[in-house]
Structure formats: C-alpha cells, structure tokens
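Peer 1: Sequence first, then the predicted structure:
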Amino acid sequence: MENLLVSENREKLKFLITYPLFDHNTFDSRMRELLSLDICSIFSFGKVQLHNIFILGKGSVGLVTLVKNRRKFFVLKIRRTDANRINMYDEVVYQSLANSIGIGPFLVNYSENFILMEFVRGLNILDWYGQKNTEIDRILKCTISILEQCFLLDCLKLDHGQLNRTDRHIIISKEGNPTILDFETSSTRRRPSNVTSISQGIFLHGPIFSRLKGTIDNDRSHSIRCIKDYKMDMRREKFEKILSLFRI
Ligand SMILES: Nc1ncnc2c1ncn2[C@@H]1O[C@H](COP(=O)(O)OP(=O)(O)O)[C@@H](O)[C@H]1O
Ligand SMILES: [Mg+2]
C-alpha cells in the first residue's frame, strides 16, 4: 500500500489533507496536527477514488482514510476544508458518548481537524444484506443487534441524526456484527429518533425490508402502530413490541 507520508507523495498528501481547497497555511498547520496524533503512515487504500488516490470513504464533512499509528491500523477522518463546521469537536463529544455504551468505532485521539478511530472492517449494510447465501438466522441476529443499539442510543438521549440513511452509516463485519458510524450530525438536544428511523427501513420499505420478507409481520398497519406507540412512549416494553414484529 502506498504511504502518502513519504516525501515523494507530498503532492498527494497536500491534496488529501486540505481537500478540496489547498492553501499553504492550512497544510502546514494540519501537518503539525498530524504529528501530534503520532501517525506514521497514511495509506492510499479503499474503494473510493479521489483524483489519484484511494480512500475508505467520502462524506460532506470528512474524508476517511486508513492510517497507521505505531503498529496498528486506524481510521483517520479528515475535516474537509469546505465542511459546514469549523472543527471536529462536536463529533468527538457525541462519538465518545456513544462509545461510553459500547457503540460506534472506538475513538482513539482527535485534534481540531482530525479524528483518529478504530478501523471497522466489513461491508456496508446494503452489500451485506444483498449477499445471497447468508442464513436467515444470521440476518435476523444482525438486524436485532442494530435495533438494540438504536434503543441504547435512544435511552442515552443521543440522536444519531442520519439513521434514515442506513446505507452509509452502518458497517457489518464478516461475522455479522453491525457498527453504527458517523456521529457528525448527532445531538443530545433533540428528541432521539434512532429506533423509529431505523425501523422504517426494516419494517416498512427499502432493500433491508425486502430481504427480510417472510420473517416480518405482514400487517403493515400493525407495524406502523407499534413504531408510533414506541415514538410516543420510548420504554423497553414498547420497544419489545417492535421486536415482536419478527415472526420468530
Ligand atoms: N471507522 C471506520 N471504519 C471504516 N470505514 C469507515 C469508518 N468511518 C467511516 N468509514 C467510511 O467512510 C464513509 C464516510 O464516513 P462518514 O463518517 O460518514 O463521513 P461524513 O461525516 O463526511 O459523512 C462511511 O460511509 C464509511 O464507508
Ligand atoms: Mg456520513
């Protein structure tokens, strides 16, 4: 894997850490930040191509790359220079809060423009659910784990904020363990809607719903009622009514 921190890759590194608007001051100060995080390699690696380098992911706030700090691989999320926020601190706060109950990629370190975190290996949720030969028990177990994680976030009063867009914000490991990603639009100031958002894509429509056909209660209006009841009164008892929509 190509290491962008070696001197012959300087131009690629400049492009990456100041994307999309290069300027010398930003580059210099971000290089100092990188040093403070003790990162020894930034790799051109991943499925997303950005000009002449590869990265793990690209969002509206960050570029996500594979890095090495001492002897372990991690993920480095780099604030885009055109992001609609001036630093990464809110995301750090919410990701740490999620980590406090075992949710999300484990936060390792951070600075103004970077977040260093656990590298979550696996497939994006749509690719994982799209695999043909996964046994239904494994699929159900994973789906219930996603719902349980959302319930824990609801209990913590941390609203993820983007769980209606599951395709980009859940990675599932080979073993079928899901990890919820990206706490950049999270908040503790709104009413949490993690379970209700994710439930739409599980019980009402979309590719996950289609894959789960046959294992979910056919009575759509009953499903809607259970989700609404939970929304009104977010207790475990109501959450279990949602879980009982699975015919198991
Ligand atoms: N910890 C991680 N491990 C592996 N891949 C990740 C990790 N964090 C993010 N990604 C990948 O990068 C993409 C963009 O990350 P995200 O945090 O959603 O950025 P943004 O806040 O800019 O939307 C994700 O959809 C995912 O594919
Ligand atoms: Mg995102």
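Peer 2: That came through, no problem. Ligands and ions are numbered 1, 2, ... in the order given.

Peer 1: Show me which residues of this protein are close to ligand 2?
Peer 2: If contact is defined as C-beta under 5 Å from the ion, the residues of the chain in contact with ligand 2 are G59, D182. Quick note: C-beta positions are derived from backbone N, CA and C, even for glycine.

Peer 1: Quick one: low-confidence residue ranges for the chain.
Peer 2: For the chain, the stretches with pLDDT under 70 are 248.

Peer 1: in this protein, which spans are strands?
Peer 2: Secondary structure of the chain (DSSP state E): strands located at 2-3, 39-44, 48-50, 53-55, 57-58, 62-69, 72-79, 107-110, 114-117, 123-124, 170-172, 178-180.

Peer 1: Distance to F15 and mean neighbour count for those strands - can I get that in JSON lines?
Peer 2: As requested, the strands of the chain are exported to JSON lines (distance: least, C-beta to C-beta, whole Å; neighbours: other C-beta atoms under 10 Å):
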{"stretch": "strand 2-3", "distance to F15": "13", "mean neighbour count": "15"}
{"stretch": "strand 39-44", "distance to F15": "11", "mean neighbour count": "19"}
{"stretch": "strand 48-50", "distance to F15": "8", "mean neighbour count": "14"}
{"stretch": "strand 53-55", "distance to F15": "7", "mean neighbour count": "20"}
{"stretch": "strand 57-58", "distance to F15": "13", "mean neighbour count": "17"}
{"stretch": "strand 62-69", "distance to F15": "10", "mean neighbour count": "21"}
{"stretch": "strand 72-79", "distance to F15": "11", "mean neighbour count": "21"}
{"stretch": "strand 107-110", "distance to F15": "22", "mean neighbour count": "18"}
{"stretch": "strand 114-117", "distance to F15": "16", "mean neighbour count": "23"}
{"stretch": "strand 123-124", "distance to F15": "25", "mean neighbour count": "16"}
{"stretch": "strand 170-172", "distance to F15": "26", "mean neighbour count": "23"}
{"stretch": "strand 178-180", "distance to F15": "29", "mean neighbour count": "22"}
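
Peer 1: would you list the ones you listed in CSV and tack on distance to R32?
Peer 2: As requested, the strands of the chain are arranged in CSV below (distance: least, C-beta to C-beta, whole Å):
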stretch, distance to R32
strand 2-3, 19
strand 39-44, 12
strand 48-50, 23
strand 53-55, 22
strand 57-58, 24
strand 62-69, 16
strand 72-79, 14
strand 107-110, 14
strand 114-117, 11
strand 123-124, 34
strand 170-172, 31
strand 178-180, 31
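
Peer 1: I'd like the ones you listed written out as TSV, with distance to ligand 1 added.
Peer 2: TSV is the format used below for the strands of the chain (distance: least, C-beta to the nearest ligand atom, whole Å):
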stretch	distance to ligand 1
strand 2-3	18
strand 39-44	13
strand 48-50	8
strand 53-55	8
strand 57-58	2
strand 62-69	4
strand 72-79	4
strand 107-110	10
strand 114-117	5
strand 123-124	6
strand 170-172	6
strand 178-180	8
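
Peer 1: Run through the residues that contact the closest residue to A98 other than its chain neighbours.
Peer 2: Nearest in space to A98, with sequence neighbours left out and distances taken as C-beta to C-beta, 6 or more residues apart in numbering, is G104 at 4.0 Å. The contact partners of G104, taken as C-beta atoms under 8 Å, 6 or more residues apart in numbering, are Q95, A98, T179, I180, L181, F183.

Peer 1: Now do the residue nearest the centre of the chain against G206, distance only.
Peer 2: With distances taken as C-alpha atoms, centre = their mean, the chain has L181 as the residue nearest its mean C-alpha position (1.5 Å). Taken as C-beta to C-beta, to the nearest Å, the spacing of L181 relative to G206 amounts to 18 Å.

Peer 1: Run through who's touching the biggest helix by length in the chain.
Peer 2: Using DSSP state H, we find that the single longest helix of the chain is helix 136-156. Outside helix 136-156, the residues within contact range by C-beta under 8 Å, 6+ apart are 97-98, 100-103, 128-129, 159-160, 163, 170, 172, 176-178, 180, 192-195, 197-199, 202, 208, 211-212, 215, 234, 236, 239, 242-243, 246, 248.
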